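Participant: got a structure for you, letters missing:
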């Protein structure tokens, strides 16, 4: 069985449109303007679920899907944000029992309407009915906000996780819509009959290895160069519309390096530090010598050198997993707004594709004192080819 | 995807994403961020009070394998013009601003950079449609965020260097 990347793009598009409709419902019902940030889909294992949801407390509405599309959809709010929504829906709350019950039921009803909007387009696309089970109000810490079946599936073979982030325009309110289709049925839906741009289903688990090995190597290199403790916080491979990639990076000021990759797959690798993290790193690399308070030549030199070594480590990890050879260009130093830095990268890839597999890794440096984000964007056709060419295994 | 945001001074703003365009027929401000090698192109018919902004990534659809039309200068600009005409604008009265097209990265495999090719494509398209150029801020090696205010017909450009802004 093979997964057609175009089908994955089509479903991502549906999820993205569905999220827009869900946002409109909320705008109408609660009178707050919501916008949809990017929608991504990834195949995640239990470990990634734990990393993604850990240490957070959620309130959610869960709806089961049956028929043409089986699985679950969850609308999840971080707990403190949910209180805000309840306030909006209820007017003023005084935390009385009756008020709380009413708030819960209105959140549940809201979730039901939003999820209904989210699912509509899927039923049209699949040309079959999708039945929704009654909405269920849930509260949980960490990944337990997701349905048990999904967590079980993640343990076994991984689970497809669609995530759309919704953000308030003029209110501090954001939450996520998760869609977790039943694995086997969804894999069937993804199997196209196109030639060339397909990935064998049993290679999908390689995605996680790609994300982990690269980031692990890169983090080790930071540790060796600076003597600071490093830890890979999250490293995930997501499938996103290319035009949504800059938005994921955000528009803060970053210091970093961009590399072009050649080989199988080719692509781009971007290493970004916040300005403070960059200065911390540069000073740690040159103890006692010419510390800079601002981003100057010394920092540039240090970040380029470190970026070179991290990138070598990162693509060595890929080359190991894919059993191919990959090389990288000299570093392009950048100090600019995050979205602008990504603009030429998505432009380059945009000549070949509309969607991208993005490996997004966050490395914590010296506890929470610094952070480094790595974005790796391989050419999707070449990545599919490399994965297809891997020797068979069970 | 566009989003509405109320500004402190009361006139709302629509945020335009990459490979997206928006047309307004009032004083709603149009803004887009992350303009690196991409271009932000603003068109305006002041007589009919119709304004549009498109954020294009690449010069021509023909040299691309996949793609939706708003991604490219040569296929995106006609879409924007068409929607503006539907909203009451006249093609003959359109004037425009072009911002972006910087060269932030250089790779050995490059011929001309995307930024300079985008600028050339926009110039050609403006000539083709006979659109007068009111202002440009193109090239360089830095990113830009832009905001168009229909009320005073100005484009305000913000760059990363010490957060300077410039109005054209």
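Facilitator: Structure's in. What do you need? Treat the numbers as computed from the prediction; the structure is a model and nothing was measured.
Participant: okay, and the helix or strand of chain B with the least pLDDT?
Facilitator: For chain B, scoring each helix and strand by mean pLDDT, DSSP states H and E identifies strand B:2-5 as the least confident one, at a mean of 48.
Participant: Name the next helix or strand downstream of that one, please.
Facilitator: Next along the chain after strand B:2-5, taking DSSP states H and E as the criterion, comes strand B:13-16.
Participant: distance between that following strand and the chain's centre?
Facilitator: The gap between where strand B:13-16 is centred and where its chain is centred comes out at 12 Å by CA atoms, centre = their mean, to the nearest Å.
Participant: Quick check: what element follows that strand along the chain?
Facilitator: Scanning forward in sequence from strand B:13-16, with DSSP H and E defining helices and strands, the next element found is strand B:21-24.
Participant: Mind listing the strands that following strand pairs with, and their directions?
Facilitator: For strand B:21-24, the pairing partners within the sheet under DSSP bridges are strand B:50-56 (antiparallel).
Participant: Just the residues contacting whatever helix or strand comes next after the partner strand, thanks.
Facilitator: Per DSSP H and E, the first helix or strand lying C-terminal to strand B:50-56 is helix B:73-86. With contact meaning CB atoms under 8 Å, 6 or more residues apart in numbering or on different chains, helix B:73-86 is reached by B:19, B:21, B:23, B:39, B:41, B:43, B:45, B:50-52, B:54, B:56, B:58-62, B:69-70, B:89, B:91, B:94, B:118, B:121-122, B:125, B:129. Just so you know, the C-beta spots here come from the backbone N, C-alpha and C atoms, and that holds for glycine as well.
Participant: Rounded mean pLDDT for the following helix or strand past helix B:73-86, please.
Facilitator: Once the chain leaves helix B:73-86, the next helix or strand it forms, by DSSP H and E, is strand B:95-100. The pLDDT scores in strand B:95-100 average 96.
Participant: Now do strand B:95-100 and helix B:73-86, the angle between them.
Facilitator: Angle between the axes of strand B:95-100 and helix B:73-86 is 140 degrees (criterion: axes from the mean of the first three to the mean of the last three CA atoms, to 10 degrees).
Participant: who does strand B:95-100 touch, helix- and strand-wise?
Facilitator: Using 3 or more CB pairs under 8 Å, 6 or more residues apart in numbering or on different chains; DSSP states H and E as the contact criterion, the neighbours of strand B:95-100 among helices and strands are strand B:39-45, helix B:114-129, strand B:132-138, strand B:144-149, strand B:154-159.
Participant: mind running it again at 7 Å?
Facilitator: Counting by 3 or more CB pairs under 7 Å, 6 or more residues apart in numbering or on different chains; DSSP states H and E, the packing neighbours recorded for strand B:95-100 are strand B:39-45, strand B:132-138, strand B:144-149, strand B:154-159.
Participant: Check those for me and report the most buried one.
Facilitator: The highest mean neighbour count among the helices and strands packed on strand B:95-100 belongs to strand B:39-45 (a mean of 26), with neighbours defined as mean count of other CB atoms under 10 Å in any protein chain shown.
Participant: Sheet partners, orientation included, of it?
Facilitator: Looking at strand B:39-45 with DSSP bridges, its partner strands are strand B:50-56 (antiparallel), strand B:95-100 (antiparallel).
Participant: on that earlier part again, looking at the helices and strands packed on strand B:95-100, spot the one closest to residue A:361.
Facilitator: When the helices and strands packed on strand B:95-100 are ranked by proximity to residue A:361, the top entry is strand B:144-149, at 26.4 Å, counting by CB to CB.
Participant: From the rest of the structure, what touches the closest one?
Facilitator: Applying CB atoms under 7 Å, 6 or more residues apart in numbering or on different chains, the contact partners of strand B:144-149 are A:337, A:340, B:29-33, B:35, B:40, B:42, B:51, B:53, B:99-100, B:155-159.
Participant: Could you check the angle that strand makes with strand B:50-56?
Facilitator: Angle of strand B:144-149 versus strand B:50-56, following the same axes, to 10 degrees, is 170 degrees.
Participant: what pairs with strand B:144-149, and is each one parallel or antiparallel?
Facilitator: Sheet partners assigned to strand B:144-149 using DSSP bridges are listed as strand B:29-35 (antiparallel), strand B:154-159 (antiparallel).
Participant: Tabulate these (JSON lines), appending mean pLDDT.
Facilitator: As requested, the strands paired with strand B:144-149 are exported to JSON lines (pLDDT from 0 to 100):
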{"stretch": "strand B:29-35", "mean pLDDT": "93"}
{"stretch": "strand B:154-159", "mean pLDDT": "93"}
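Participant: Can I get those in JSON lines including distance to residue A:313?
Facilitator: Written out in JSON lines, the entries for the strands paired with strand B:144-149 read as follows (distance: least, CB to CB, whole Å):
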{"stretch": "strand B:29-35", "distance to residue A:313": "28"}
{"stretch": "strand B:154-159", "distance to residue A:313": "33"}
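Participant: In chain A, what residue spans correspond to helices?
Facilitator: Listed in chain order, the helices found in chain A under DSSP state H are A:5-30, A:46-53, A:79-90, A:97-126, A:148-156, A:183-190, A:206-226, A:245-249, A:275-285, A:297-322, A:338-350, A:380-388.
Participant: And the residue of chain B found nearest chain A, what's its pLDDT?
Facilitator: Nearest to chain A, among the residues of chain B, is residue B:143, at 2.0 Å (CB to the nearest CB). Confidence per residue is given as pLDDT, and for residue B:143 that number is 92.
Participant: returning to what we had before: give me whichever of the helices of chain A is most buried.
Facilitator: Highest mean neighbour count among the helices of chain A (mean count of other CB under 10 Å): helix A:338-350, with a mean of 27.
Participant: re the thing from before, can you pull the phi and psi angles for the residue of chain B closest to chain A?
Facilitator: Geometry field for residue B:143 lists phi and psi as phi -80, psi 160, criterion degrees, to the nearest 10.
Participant: mind listing what it touches?
Facilitator: If you count contacts by CB under 7 Å, 6+ apart, residue B:143 has them with A:336, A:337, A:340, A:341, A:343, B:34, B:35, B:36, B:102, B:104, B:159, B:160.
Participant: for chain B, what are the nearby residues on the stretch 101-250 of chain A?
Facilitator: For the stretch 101-250 of chain A, the contact set with chain B under CB under 7 Å from any CB of the partner chain comprises A:169, A:170, A:243, A:246, A:247.
Participant: Next, count neighbours for the third one.
Facilitator: Close neighbours of residue A:243, defined as other CB atoms under 10 Å in any protein chain shown, add up to 25.
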